[in-house]
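A.B. asks: Need the 3D shape of this:
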Amino acid sequence: MNGPNVTEEEPVRLEGFGPKDLYQKREKIFTRFVGGFFQRLRFFTGWPLLTGYFLLPWINWDGRQSVLFDLPTRQFHIFGLTFFPQDFWLLGWMLIISAFGLFTITTLVGRLWCGYTCPQTVWTAIFMWIEQVAEGPRHARIRLDGAPWSFDKLRKRALKHGMWLGWAALTGVTFVGYFTPIRDLIPDLIAFDASGWAVFWSFFFTAATYINAGWMREQVCIYMCPYARFQSAMFDKDTLIVSYDGARGEPRGSRKRGAQETELGDCIDCQLCVQVCPVGIDIRNGLQYQCIGCAHCIDACDQVMDKMSYPRGLVRYTTEHELAGGRTHWLRPRAVGYAVVLMIMMTAFTVAIFSRNAFEVDVLRERGELFRTNTAGQVLNQYSLKVLNKTQSPQHYRLEIASDLPITVDRRETLDEALRSLPGEVLDIPLTLTVAREAVALPSVPVTVTLCDVDSGRCNSEQTSFFGPTR
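C.D. replies: Numbering: from 1, shown residues only. This next block holds a predicted model:
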């Protein structure tokens, strides 16, 4: 099929739109500050996240840092719980629970996670507030951005980037403090005595915070975050979204306060909903994947409606069913299914954490010969008994051997005394099992090695085999 020739110099034209450049330059967004109910609500959802993030490493729990992921010792402390690499399956379980939690929230209330508690949103809001403090309100920032370089512009930009870097450094060092004791890390950094890896990762996460929250901002949400791309698969007509009521607002038009325009809708086309949007969209164009549900546009529009003596809610949280004059169905199969699965998995996860073994037992056969005999006519098998104490208290264990053979433990008294471990300690104890030669009727006999905590009575077993000569 023949069509018109398009040269490289011609812009690409899309039907219904004007000329489009496929490689458009990013349009810088100058957001306008707005108060209101939802912004106060975001304050109470964002600051607990910030407070917890910066304070948790400084809180002690049983004589150590409350949250510490100690990679060299492969121990991960979270308050009174300690996890080891053997508990890695719990991490996978937790990630699945987080995914189902996100599915449930998105199906019911849309992208409220993005707008209120996502770290990218919270940190970006802090950086935008710093920008406003250093450079002034929106119109002043636009004028400053287009002005030629001068001492005043240099001073304001230096102040802004200095505050950005300070907040980014505080964020980066705190993040590293979750992996290195923060009470030692900060003095070492100040004294230039920190390890090379601690310095590297502190600089790395400082730079990442500075770039993501200061420079990239909405581009992280629009282009880098996968959530914005697959969220539409979880939306339906009963999902809560930020929407513009076109039936009430159209046609748009400016007017004087108090004027009664019978031919115009309630939207006065003031553009405030666009000016306050952190991702730079016009909510009046309908639902867009860039929208993070932060409700800046709702607060801005409600304030304009109050000034015009119009009812609030021209832009509001609603659903497609409500916009069409119907009712929102909160209890629907998809939402109920997600919620039920989420509750079951959370319950099972909680039970798994608090019922997991307080210690791990592993019986490894020593390398070399399967068995040996001594001058007394006994058959000996040698093992290595490894015991991992997963608690934060000393433990004392009792050894039990179960088998069809009359097995005895060599040097039993010495072994019982060695079965004591400190918190988080891994014991590696040689274990020798002995059987009289005439009692060994088979070349291999199953053996169950059981270790019990003397205080709690909890036991953990491991299967192995006892080898002997063939009759």
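A.B. asks: what's the longest helix along the chain packed up against?
C.D. replies: Counting by DSSP state H, the longest helix found in the chain is helix 151-176. In terms of contacts (3 or more CB pairs under 8 Å, 6 or more residues apart in numbering; DSSP states H and E), helix 151-176 is packed against helix 37-55, helix 119-135, helix 182-190, helix 196-209. To be clear about C-beta, it is placed using only N, CA and C from the backbone, and glycine gets the same treatment.
A.B. asks: what angle do that helix and helix 119-135 make?
C.D. replies: 150 degrees (axes from the mean of the first three to the mean of the last three CA atoms, to 10 degrees).
A.B. asks: Only the buried residues of helix 151-176, if you could.
C.D. replies: 156, 160-161, 163-164, 167-169, 171-176 (16 or more other CB atoms under 10 Å).
A.B. asks: Next, the angle from that helix to helix 182-190.
C.D. replies: Between helix 151-176 and helix 182-190, the angle comes out at 140 degrees (the same axes, to 10 degrees).
A.B. asks: Please report how far the residue lying closest to residue 422 once chain neighbours are set aside lies from residue 322.
C.D. replies: Nearest non-adjacent residue to residue 422, counting by CB to CB, 6 or more residues apart in numbering: residue 394, 5.7 Å away. According to CB to CB, to the nearest Å, residue 394 stands 61 Å off from residue 322.
A.B. asks: higher neighbour count, the two?
C.D. replies: Under the criterion of other CB atoms under 10 Å, the comparison of residue 394 against residue 322 puts residue 322 first, with 17 against 12.
A.B. asks: in what helix or strand does that one lie?
C.D. replies: Here residue 322 sits within helix 320-323, counting by DSSP states H and E.
A.B. asks: Please compute how far that helix lies from its chain's middle.
C.D. replies: Relative to the mean C-alpha coordinate of its chain, helix 320-323 is positioned 32 Å out (CA atoms, centre = their mean, to the nearest Å).
A.B. asks: Can you name the next helix or strand after that helix?
C.D. replies: helix 333-355.
A.B. asks: which helices and strands does that next one pack with?
C.D. replies: Checking 3+ CB pairs under 8 Å, 6+ apart, helix 333-355 ends up next to helix 88-109.
A.B. asks: How about residues contacting the helix it packs on?
C.D. replies: The contact list for helix 88-109 (CB atoms under 8 Å, 6 or more residues apart in numbering) reads 83, 112-113, 227, 231, 234-236, 239-240, 330, 334-335, 338-339, 341-342, 345-346, 349, 352-353.
A.B. asks: Is there a quick PyMOL command that grabs whichever of these are buried?
C.D. replies: Applying 16+ other CB under 10 Å to the contacts of helix 88-109, the buried members can be selected in PyMOL as follows:
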select buried, resi 83+112+113+227+231+234+235+239+240+335+338+339+342+345
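A.B. asks: and the residue nearest to residue 422, what does it touch?
C.D. replies: Residue 394 touches 420, 421, 422, 423, counting by CB under 8 Å, 6+ apart.
A.B. asks: which residues sit in contact with residue 353?
C.D. replies: Here residue 353 is in contact with 81, 90 (criterion: CB under 8 Å, 6+ apart).
A.B. asks: Please renumber the chain so that the first residue is 23 from this point on.
C.D. replies: Yes, from this point I'll number from 23; that puts the last item at residue 375.
A.B. asks: where do the helices sit along the stretch 373-493 of the chain?
C.D. replies: Under the criterion DSSP state H, counting those that start in this stretch, the stretch 373-493 of the chain carries helices at the ranges 434-440.
A.B. asks: which regions of it lie under the pLDDT threshold?
C.D. replies: Counting by pLDDT under 70, the stretch 373-493 of the chain shows low-confidence ranges at 493.
A.B. asks: ok, residue 354 to residue 182 distance?
C.D. replies: Here residue 354 is placed at a distance of 47 Å from residue 182 (CB to CB).
A.B. asks: quick one on the thing from earlier: the helices and strands packed on helix 173-198: which one's closest to residue 433?
C.D. replies: helix 204-212 (41.6 Å; CB to CB).
A.B. asks: Can you tell me what sits against the closest one?
C.D. replies: Residues outside helix 204-212 that contact it (CB under 8 Å, 6+ apart): 79-80, 87, 195-196, 198-199, 215-217, 220-221, 224.
A.B. asks: Residue 90 should be in a strand, yeah?
C.D. replies: Yes - assessed with DSSP: H, G, I helix; E, B strand; the rest coil, residue 90 lies in a strand.
A.B. asks: If we ignore the residues flanking it in sequence, what's nearest it?
C.D. replies: Using CB to CB, 6+ apart, the closest residue to residue 90 is residue 99 (4.7 Å).
A.B. asks: For that neighbour, the count of nearby residues, please.
C.D. replies: By other CB under 10 Å, the residues close to residue 99 number 20.
A.B. asks: Help me confirm that it comes into contact with residue 89.
C.D. replies: Yes - with contact defined as CB atoms under 8 Å, residue 99 reaches residue 89; the gap is 6.8 Å.
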